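Participant: show me the folded form of this:
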Amino acid sequence: VKNIIPTIDLSSWIQENTALEDYVIFKLDVEGAEYEIIDKMIKEGTFKWVDKFYGEFHGWAPVPGWSSKRKSELKKTMQKHSITMLDWAGEHKKYLDMENIHKPDIPEGTPGVPGMVYSNCSRSPNGPARLALTVQVGMDVKAAFKLVETIRAHRSNMPVTLFVYGDFAQVFPDLITKWSDRYTIGVRESQPFPTGHWKL
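Facilitator: Alright, predicted model coming up:
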């Protein structure tokens with residue numbers, strides 16, 4: 001039994017569905033198929049339609065008809081045609097121009113190192129917790145629930161602000177309401193709601 005999967009010619013689709021004056025952001029992550037697609041787009045001049053190109057080369061993946069040498073030659077051809085691919089590899093958390101687009105709001109001189117886990121935080125003797133935690137919640141409700149429950153179980157009872165997407169708040173209002181009893185809720189592009197003041 002053969003399954004027939006409908007496909008489109010991406011190079012032709014871009015030319016037929018966008019205009020040269022459009023600002024086109026092109027994101028390509030196709031687990032090895034990028035070599036054939038990029039090669040065709042170069043031959044057909046389709047990169048004239050593309051203003052920004054994000055992607056990821058899967059050099060480790062065996063691709064029929066694409067030897068290491070041929071893969072390397074394609075990259076040289078891209079350079080020759082001034083085609084720049086900005087690395088965007090989610091599994092490695094590598095987003096080449098993310099900080100240029102979204103400038104970090106962390107003040108200079110702030111203690112701590114990104115990615116460092118500090119496990120020695122504790123309450124001051126007879127005083128409040130010495131650490132306040134800000135968490136940005138994504139759209140994966142299972143992962144978010146697990147994270148928040150882990151924080152809730154921590155014995156320090158530290159002050160926590162949860163930043164959530166507006167879409168997340170609309171889809172899971174009961175969960176946000178539950179969290180707001182204990183934590184400050186911040187909605188992206190909106191003001192933070194102090195503990196107990198959340199309203200959808």
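
Participant: break down the chain into its helices, ranges please.
Facilitator: 10-17, 34-43, 68-80, 98-101, 141-153, 166-171, 173-180 (DSSP state H).

Participant: what's the most buried one of these?
Facilitator: helix 34-43 (a mean of 18; mean count of other Cβ atoms under 10 Å). The C-beta positions use only the backbone N, C-alpha and C, and glycine is treated the same way.

Participant: could the helices of the chain be laid out in TSV, adding mean pLDDT and distance to residue 27?
Facilitator: Below are these laid out as TSV (pLDDT from 0 to 100; distance: least, Cβ to Cβ, whole Å):
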stretch	mean pLDDT	distance to residue 27
helix 10-17	97	12
helix 34-43	97	11
helix 68-80	96	16
helix 98-101	73	13
helix 141-153	87	23
helix 166-171	83	20
helix 173-180	89	30
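
Participant: and of those helices, who's closest to residue 62?
Facilitator: Nearest of those to residue 62, taken as Cβ to Cβ: helix 68-80 at 10.1 Å.

Participant: taking helix 34-43 as reference, get the angle to that closest one.
Facilitator: Here helix 68-80 points in a direction 40 degrees away from that of helix 34-43 (axes from the mean of the first three to the mean of the last three Cα atoms, to 10 degrees).
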